[in-house]
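K.L.:
Here is a sequence with its predicted model. Questions after.
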Amino acid sequence: MKFKSLMEQAGLPLTEEKAAEQWREELKNQNISVANDSPFGPFWRTIEALITKPVVKLFNWIAQTVMPDLFIMTASRDALIEKHGPSRNVFIQTGLKAQGLLTFTRISSDGESAIVEGIEVVTDVIGGQVYKLVLLQEAYFKDGQSTAYALAEAVEEGAGFNLPANAYRYFSEQQDGVTVTNSADWLLRPGADSEDTESYRNRIRNVFGTAARWHINSVYKQIIANFHVPIDNIEIETQAPRGPGTANAYIYLDVGAVPSALISAINTHIRDKGHHGLGDDFMVFAMPTQSFNVVAQYSLHTEQDLNAELTAFIESAFRKNAAYKPTRVAHNGEFSISQLISECHEEFEQLKSIKFNIDDIHAQHWLPVLGTLELNRV
């Protein structure tokens, strides 16, 4: 919003010239004459120093800071956190560390052995970063057992640790005769970044629709968003999908697939713990997906190998990692391949050209995901 224009239209002086013009007009209205009317005379210099400059500075501060902070749409992060959010019982979400089960396999099943608590499991380099998990418990093999499971947690907060199957497959300290990996549905608690300003703003704005006595869409969105699912990533189907009084919600994360543990936790909270409308039959599901097999051909200005970085960048666009920040795929929208190409060039200056085998994706009630990704340098 153009708060300066609104204030100027209300007659408030936001420039020294406008203020001086109004002072002169007021003197004229009051039949007051100034003997030395020069702008460099002592009278106008005093007025400028004591009134004009402070008033103009005050009005500009009001237009730039106070006025925007009065409205949720334009409020700064501090104003959202300190005033708008708490006044509506919506508080900013802190980050979460990802937690999940890792699978350990040993070559020999003879005897008992264990991978001790505190061992780190790491990924390959993804976009210049290695992601690490630390074991919260020992992985214990009984005699005759070749597979064991143990709970691990990310070393840092963030959605970037919600990586797909087989991403975590190395020990930071080699364990003889034992391999490790993460399965397809390994996450028990997805990691999350500290809530950004726009996501928090959306949750605060969404609360306006929750004041009614009925559990309408905004109420259920607010409940689901409390599980660190962005408001924009929630789609609610209200056309009685399972008969009268039923509705479904479909969700996805900023990074990574939606784990079954998260779906179970949300449904338990809504359905079993009474957080639903009277008579409502409301269920939450992972957003349906449609996979695309992508082949890209690229050339470089240099001899430097860029395959791993380009792979991570394209995967990031399809929400498989958070190593980069390209425009990401979403449901019910268009994903522009030409924009992806442009963003590849912006990120990698050594990239000469890149072409994809697919056209723009027009997603509907589903989320585009990568089936396979093949990169060929030409």
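P.N.:
Happy to help now that I have it.
K.L.:
and the closest residue to Gln99 other than its chain neighbours, how many neighbours?
P.N.:
Among residues not flanking Gln99 along the chain, Arg189 sits closest, at 4.3 Å (Cβ to Cβ, 6 or more residues apart in numbering). For every residue, glycine as well, the C-beta is placed using N, CA and C. Residues near Arg189, counting by other Cβ atoms under 10 Å, number 19.
K.L.:
Please name every helix or strand in contact with whichever strand or helix holds Lys221.
P.N.:
Secondary structure assignment for Lys221, by DSSP states H and E: helix 217-225. Helices and strands touching helix 217-225, as assessed by 3 or more Cβ pairs under 8 Å, 6 or more residues apart in numbering; DSSP states H and E, comprise helix 197-206, strand 234-237, strand 246-251.
K.L.:
what do you get if the cut-off is 10 Å, keeping everything else the same?
P.N.:
helix 197-206, strand 234-237, strand 246-251, helix 260-267, strand 281-286 (3 or more Cβ pairs under 10 Å, 6 or more residues apart in numbering; DSSP states H and E).
K.L.:
How far off centre is the second one?
P.N.:
Here the centre of strand 234-237 is set off from its chain's centre by 18 Å, with Cα atoms, centre = their mean, to the nearest Å.
K.L.:
same question, the longest one
P.N.:
Going by Cα atoms, centre = their mean, the spacing between the C-alpha centre of helix 197-206 and its chain's C-alpha centre is 11 Å.
K.L.:
Rounded mean pLDDT for it, please.
P.N.:
Summarised as a single mean, pLDDT over helix 197-206 is 92.
K.L.:
quick one: contacts of it?
P.N.:
72-78, 80-81, 84-93, 193-196, 217-219, 221-222, 225-226, 228, 230-234, 254 (Cβ atoms under 10 Å, 6 or more residues apart in numbering).
K.L.:
Beta-bridge partners for Glu120, please?
P.N.:
Bridge pairing for Glu120 (DSSP bridges) gives the partners Val134.
K.L.:
number of nearby residues for it?
P.N.:
Glu120: 16 neighbours (other Cβ under 10 Å).
K.L.:
same deal with Ala154?
P.N.:
Around Ala154 there are 24 other residues, counting by other Cβ under 10 Å.
K.L.:
what does the one 5 residues further on give?
P.N.:
If you count neighbours by other Cβ under 10 Å, Ala159 ends up with 21.
K.L.:
do Phe3 as well
P.N.:
Phe3: 18 neighbours (other Cβ under 10 Å).
K.L.:
what's the distance between it and Ala98?
P.N.:
Applying Cβ to Cβ, to the nearest Å, the value for Phe3 to Ala98 is 42 Å.
K.L.:
Can you tell me what sits against stretch 369-378?
P.N.:
By Cβ under 10 Å, 6+ apart, stretch 369-378 touches 164, 252, 257, 287, 289-300, 305-308, 310-311, 314-315, 317-320, 329, 352-355, 357.
K.L.:
in that stretch, what counts as buried?
P.N.:
Residues 369-370, 373, 375 are the ones in stretch 369-378 that count as buried (16 or more other Cβ atoms under 10 Å).
K.L.:
Please identify which of these is nearest to Glu25.
P.N.:
Val369 (66.1 Å; Cβ to Cβ).
K.L.:
neighbouring contacts of the strand or helix carrying Lys57?
P.N.:
Using DSSP H and E, Lys57 falls within helix 53-61. With contacts defined as Cβ under 10 Å, 6+ apart, helix 53-61 is touched by 4, 7-8, 12-20, 22-23, 47-48, 66-67.
K.L.:
So which residues of the protein form helices?
P.N.:
For the chain, the helices defined by DSSP state H occupy 3-9, 16-29, 42-47, 53-61, 67-69, 77-79, 85-87, 197-206, 217-225, 260-267, 307-317, 337-347.
K.L.:
end-to-end on stretch 245-265?
P.N.:
22 Å (Cα to Cα, to the nearest Å).
K.L.:
Likewise for stretch 132-142?
P.N.:
27 Å.
K.L.:
Could I get the average pLDDT for that stretch?
P.N.:
96.
K.L.:
Give me the buried stretch members for it, please.
P.N.:
132-133, 135, 139, 141.
K.L.:
As JSON lines, the residues you listed with distance to Asn31 would be great.
P.N.:
Formatted as JSON lines, those follow (distance: Cβ to Cβ, whole Å):
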{"residue": "Lys132", "distance to Asn31": "79"}
{"residue": "Leu133", "distance to Asn31": "81"}
{"residue": "Leu135", "distance to Asn31": "87"}
{"residue": "Ala139", "distance to Asn31": "92"}
{"residue": "Phe141", "distance to Asn31": "100"}
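K.L.:
All good on my end, thank you.
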